[in-house]
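1. the following comprises the amino acid sequence and a computationally predicted model.
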Amino acid sequence: MYVIKQPIFYQRLNLYVMMKFKLFFIVLFCSLSLSAFSQLTYGTTGLLHAPSAEMQRDKTFMVGGNFLNKELTPPTWYYHTYNYFLNVTIFPFLEVAYTCTLFKAEALGLKPYGYSGFTNQDRYFSARLRVLKEGQFWKYMPAVVLGTSDPFTSSGGGQVGTTEGNGYYSRFYIAASKHIPVVGKEEIGVHLSYLYNNRKEYKLNGFALGVTYNPSFHPQL
């Protein structure tokens, strides 16, 4: 059998192009990160593991991914996993997102795919609607946002908030946020939210409280 070897010049050219692409995506990711507020691990704006009433600027586009500790996954998921998301703030008061989470389902007869050990993806949409803007009617008024993630479940008959089915990350919440000046141009943010899911094994129902600090030299940090 005769094998045609690729010239060294083309090998180096391919390597150079690949490095350029990697550098481009790294720079793009950093640029997007520096211009956005903090995000939930669910792929929407929030405080890592809790919602907030902060909103991105309109026409903000975000792409990203997260590592999810098994403590943040449904009780039947006994392993760490990952997700990736696409997020768009269409208007200053409306944000939508699409999130995919990798999971294992050997009990359903599905075999692991490739080297990852995962068998499938749990996909869902999220939406956040700001109903009150911070300081809208009086200076002490907090911003208020209504939000939901994965509100419908296909295996539960398309119902909202079913007790079973595949709505693993289904939830509904209301969040309020208020930014308070402290010293000079410095300010802190106080965020209160309430989350609810009708699934029997859901363990994150209830109130969540968070405090953030926005340094004046980089308010988006």
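-> Yep, it's here. Numbers count the residues shown, from 1 in each chain.

2. can you list contacts of stretch 127-134?
-> Contacts with stretch 127-134, where a contact means C-beta atoms under 8 Å, 6 or more residues apart in numbering, come from 44-45, 51, 53, 55, 92-97, 141-148, 177-179. Just so you know, the C-beta spots here come from the backbone N, C-alpha and C atoms, and that holds for glycine as well.

3. and stretch 135-148, end to end?
-> Stretch 135-148 stretches 24 Å from its first residue to its last (C-alpha to C-alpha, to the nearest Å).

4. just stretch 126-141 next, same as before
-> The distance separating the two terminal residues of stretch 126-141, taken as C-alpha to C-alpha, comes to 26 Å.

5. what average pLDDT does that stretch get?
-> The average pLDDT within stretch 126-141 is 94.

6. ok, stretch 194-205 next?
-> Averaging pLDDT along stretch 194-205 yields 78.

7. what does stretch 89-102 give?
-> In this model, stretch 89-102 has a mean pLDDT of 94.

8. swap in stretch 57-74?
-> If you average the pLDDT over stretch 57-74, you get 88.

9. how about the helices in the chain?
-> Residue ranges of the helices in the chain, as given by DSSP state H, are 8-34.

10. now the strands for it?
-> Using DSSP state E, the strands assigned to the chain run over residues 60-68, 81-91, 94-103, 120-132, 143-149, 171-181, 187-196, 206-214.

11. winner for burial among the ones you listed?
-> strand 143-149 (a mean of 22; mean count of other C-beta atoms under 10 Å).

12. how about residues contacting that strand?
-> Strand 143-149 has contacts (C-beta under 8 Å, 6+ apart) with 42, 44, 51-55, 99, 124-134, 169-178.

13. now the angle from that strand to strand 120-132?
-> Using axes from the mean of the first three to the mean of the last three C-alpha atoms, to 10 degrees, the interaxial angle of strand 143-149 with respect to strand 120-132 works out to 160 degrees.

14. right, and His49 touches Thr41 too?
-> Yes - using C-beta atoms under 8 Å, His49 is in contact with Thr41, at 6.2 Å.

15. what residues are shared contacts of those two?
-> Residues within reach of His49 and of Thr41 at once, by C-beta under 8 Å, 6+ apart, are Leu72.

16. neighbour-wise, which of the two wins?
-> It is Thr41, of His49 and Thr41, that has more neighbours when counted by other C-beta atoms under 10 Å, with 21 against 14.

17. report the contact partners of the more buried one.
-> Under the criterion of C-beta under 8 Å, 6+ apart, the neighbours of Thr41 are Leu48, His49, Asn66, Leu68, Leu72, Asn83.
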